[in-house]
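Undergrad: return atomic coordinates for the entry below.
(4 chains)
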There are 2 protein chains.
Amino acid sequence: MGRKRIEPGKVRLTEVAALAGVSPITVSRFFRNPDTVSAGRRARIESAAKELGYVPNLAARALASQRTEVIGVLIPSLTNNVFSDVLRGIYDAFDGSRYSIQLANTRYSVLQEERLLRLFLMQKPAGLIVTGLDQTAESRSIIEAADCPVVQIMELGTEPIDMMIGFSHVDACYAAISHLLAQGCRRIGFIGARMDPRVQRRLQGYQNAMKDAGFFDPRLIVTAPVPTSTIMGGSLFSDLLMKAPDLDAVFCANDDLALGVLFECQRRHIAVPQQLAIVGFNDMEFMAAAVPPLTSVRTNRYEMGRRAATMIMDAIEGRPVAQRVVDLGFEVIERQSSTLHRTAGSLEPATGRASGTKW
Amino acid sequence: MGRKRIEPGKVRLTEVAALAGVSPITVSRFFRNPDTVSAGRRARIESAAKELGYVPNLAARALASQRTEVIGVLIPSLTNNVFSDVLRGIYDAFDGSRYSIQLANTRYSVLQEERLLRLFLMQKPAGLIVTGLDQTAESRSIIEAADCPVVQIMELGTEPIDMMIGFSHVDACYAAISHLLAQGCRRIGFIGARMDPRVQRRLQGYQNAMKDAGFFDPRLIVTAPVPTSTIMGGSLFSDLLMKAPDLDAVFCANDDLALGVLFECQRRHIAVPQQLAIVGFNDMEFMAAAVPPLTSVRTNRYEMGRRAATMIMDAIEGRPVAQRVVDLGFEVIERQSSTLHRTAGSLEPATGRASGTKW
DNA sequence: TTGTATGCGTTATCAC
DNA sequence: GTGATAACGCATACAA
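TA: The predicted structure is shown next:
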């Protein structure tokens, strides 16, 4: 009965303490905060630890201290490049800190999110970063049970669980459409794929802008529930052209779709922006390199990740968090793909465009 | 002296056991392997746990069992899309399993890698997935100390630490260059950025192929240590044109660079593939959508991640691992950007090309 | 299938 | 600044 005795080769705090001629708790202190140990013992402990090849046991530490240094991060996709920038910000900010990141992929599923949160809960995370505003009631209660600082990223809302950093997707898209309207575009299409909550809100912004301008037409909207891609951009654009051959601009819910639209225009010899203006969303790196350079809505994703991380750390370590809800804003980067230099009213006729190219 | 008593509100195995009328160890068994508990008790335990809102404590579990279900994954970049596919494979394979993934970003630094491995070691990971072959001796000894299954991914070598899955970057690039040579190209440029070990090996494959064909010329190689990007592709291509104006093809060490080259060609009115063939590497989704569609070397990154994960799980759970070194191969996807339909020898002169467009 | 006894390696607490 | 003691919550080993 009982359990076998200690293995002889094992190196614990105790062994280091014995070799250094101090008590275990002093070694423990040394590893967590060297400054709290006198210089003499510090040196002895350090060399003893090195000599024995001591490696702290995080599980024992977590059990004894009743907490961890794990930050749980939940994002909906590993493929969507949008999140890689956010992640880079998060990883950069935590780099060199004592915290380690545990990344989970919800796959755009709120149920997966619940399941993953439950998993995090078992670890007693030091902090949580979650994507978006649309957590289920169950998810929210799990988060509350975790009893740690939480930051919601990517969006903006009025009722944060704890803290929040992002921007308004409705406003950002509204601004993009307003830009197109200001360029004289009237028949502005909307292309969207995946249709996660953030894309839905961009669609809302589109609808608001078009209705406010008096040009709303549901036939101008083409969406698909499938993952977004360049090829999908071309194919949705083709669908859109069938429904609305008099199109003079396309807003794409993200840049991959916009790139696909651009290629499809090249294929069909549609002149951009003369015959069709294109606007994307996210301002990925390739947008500026395209021919013509593509207009997009820039969002500060890296900064979002970075600041989410610092907000978490500030909260954990008891520093005052200046703002609990941070609006990072956005910027419409106007490039050649939507810069028409034509006045409203001088638009080419809906069909039979000047160049006579096939659509 | 001593420590404060148990908080009254806390729910542990003991509390669940008391309510269910069984011993704690039975509850423990129920949570790890429900089948080992009789149906009657199973129901009682389940309802008791739900009633009390019991959440297992992973730290206590890890301490008592001397192991965890954490799989450490080390990748060099979060931005490079190549890894998002691999990660998706890894996450998909572990999804639903009892293992959880801890992702670390080495930023292409072997020292960071060492540091992160040391961190993993403290957690007693159940398995490790590391990128590439070029771990330092120190890293290797840390990995050995971790004493768990290890898979090296992305490349192929003869001396795996434990297991390995990937493909030969040298061979893959050699095949791509061979394809261009077969198309009649002779002045084939090489563009590379970042120059991590895998890009270095692709360069090696390029050099081998060009030397074997008797067309090697160091002026055809342009590289930069900076991160890869579409814009960098255009700019390196411009540099290359200065050094070798008689270029008839460009191999790009990755697809982002290739896209940049394509756009630069559009900008300079260089006809692809008639005046210049383009080949990329990785076969990202957008390559097929481009105008013209871009040739690339397809590598099965998703599958690589997925199988690395199953290899790890097999090893952990004592199932025999069929192959310890798995070659996933590659495939040159020939598309219009490099399909010339011209015979060797009928090449346009190096300068003053038929179309007379400006370079 | 179920229970008993014991140990996992560390830190919190309080005293010096 | 340093140390003695007890507790952290669970799983292992063995017996029944």
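Undergrad: how much space between residue A:25 and residue A:13?
TA: Residue A:25 sits 8 Å away from residue A:13, taking C-beta to C-beta, to the nearest Å as the criterion. Every residue, glycine included, has its C-beta placed from N, CA and C.
Undergrad: and residue A:110, by the same measure?
TA: Relative to residue A:13, residue A:110 is positioned 43 Å away (criterion: C-beta to C-beta).
Undergrad: show me the contacts for the most centrally placed residue in chain A.
TA: Nearest to the centroid of the C-alpha atoms of chain A, with distances taken as C-alpha atoms, centre = their mean, sits residue A:83, at 4.0 Å. With contacts taken as C-beta atoms under 8 Å, 6 or more residues apart in numbering or on different chains, residue A:83 has the following neighbours: A:75-77, A:131, A:301.
Undergrad: for residue A:36, same thing?
TA: Residues in contact with residue A:36, defined by C-beta under 8 Å, 6+ apart, are A:29-30.
Undergrad: and the pLDDT for it?
TA: What the model reports for residue A:36 is a pLDDT of 91.
Undergrad: out of the contacts of residue A:83, which are inside strands?
TA: Helix and strand membership here follows DSSP state E; of the contacts of residue A:83, those in strands are A:75, A:131.
Undergrad: Throw the contacts of residue A:83 into CSV and include pLDDT, thanks.
TA: Below are the contacts of residue A:83 laid out as CSV (pLDDT from 0 to 100):
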residue, pLDDT
A:75, 96
A:76, 96
A:77, 94
A:131, 98
A:301, 97
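Undergrad: between the contacts of residue A:83, which is closest to residue B:293?
TA: Within the contacts of residue A:83, proximity to residue B:293 (C-beta to C-beta) peaks at residue A:77, which comes in at 25.6 Å.
Undergrad: just checking, that closest one touches residue A:109?
TA: No - Residue A:77 sits out of contact with residue A:109 when judged by C-beta atoms under 8 Å, with a separation of 10.7 Å.
Undergrad: and those two? Which one has more around it.
TA: More neighbours surround residue A:77 than the other of residue A:77 and residue A:109, with 20 against 12 (other C-beta atoms under 10 Å in any protein chain shown).
Undergrad: so who does that one touch?
TA: The contact partners of residue A:77, by C-beta under 8 Å, 6+ apart, come to A:83, A:105, A:107-108.
Undergrad: show me where chain A has its strands.
TA: Ranges of strands within chain A are A:70-75, A:100-105, A:127-131, A:150-154, A:163-166, A:188-193, A:221-224, A:249-252, A:277-279, A:296-298, A:325-327, A:331-333, based on DSSP E.
Undergrad: the helices in chain A, which residues?
TA: Counting by DSSP state H, chain A has these helices, from start to end: A:13-20, A:24-32, A:39-52, A:58-65, A:81-94, A:110-121, A:137-146, A:169-182, A:197-213, A:230-243, A:255-268, A:286-289, A:301-316.
Undergrad: deepest of those, which one?
TA: helix A:255-268 (a mean of 25; mean count of other C-beta atoms under 10 Å in any protein chain shown).
Undergrad: that one close to chain B?
TA: Yes - taking C-beta under 8 Å from any C-beta of the partner chain as the criterion, helix A:255-268 and chain B are in contact, through A:256, A:259-260, A:263, A:266-267.
Undergrad: using PDB, list the CA coordinates for that helix.
TA: Extracted in PDB, the C-alpha atoms of helix A:255-268 (Å, rounded to 0.1, in the frame of the first residue of the first chain):
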ATOM      1  CA  ASP A 255      -8.300  41.400 -48.700                       C
ATOM      2  CA  ASP A 256      -8.100  37.800 -50.000                       C
ATOM      3  CA  LEU A 257     -11.400  38.300 -51.700                       C
ATOM      4  CA  ALA A 258     -10.300  41.600 -53.100                       C
ATOM      5  CA  LEU A 259      -7.200  40.000 -54.600                       C
ATOM      6  CA  GLY A 260      -9.400  37.400 -56.200                       C
ATOM      7  CA  VAL A 261     -11.600  40.200 -57.600                       C
ATOM      8  CA  LEU A 262      -8.600  42.000 -59.000                       C
ATOM      9  CA  PHE A 263      -7.400  38.800 -60.800                       C
ATOM     10  CA  GLU A 264     -10.900  38.200 -62.100                       C
ATOM     11  CA  CYS A 265     -11.000  41.700 -63.500                       C
ATOM     12  CA  GLN A 266      -7.600  41.100 -65.200                       C
ATOM     13  CA  ARG A 267      -9.000  37.900 -66.600                       C
ATOM     14  CA  ARG A 268     -12.100  39.700 -67.900                       C
END
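Undergrad: over to the closest residue to residue A:140 other than its chain neighbours: give its phi and psi.
TA: Counting by C-beta to C-beta, 6 or more residues apart in numbering or on different chains, the nearest residue to residue A:140 once its immediate chain neighbours are dropped is residue A:161, at 6.3 Å. Main-chain dihedrals, residue A:161, degrees, to the nearest 10: phi -60, psi -40.
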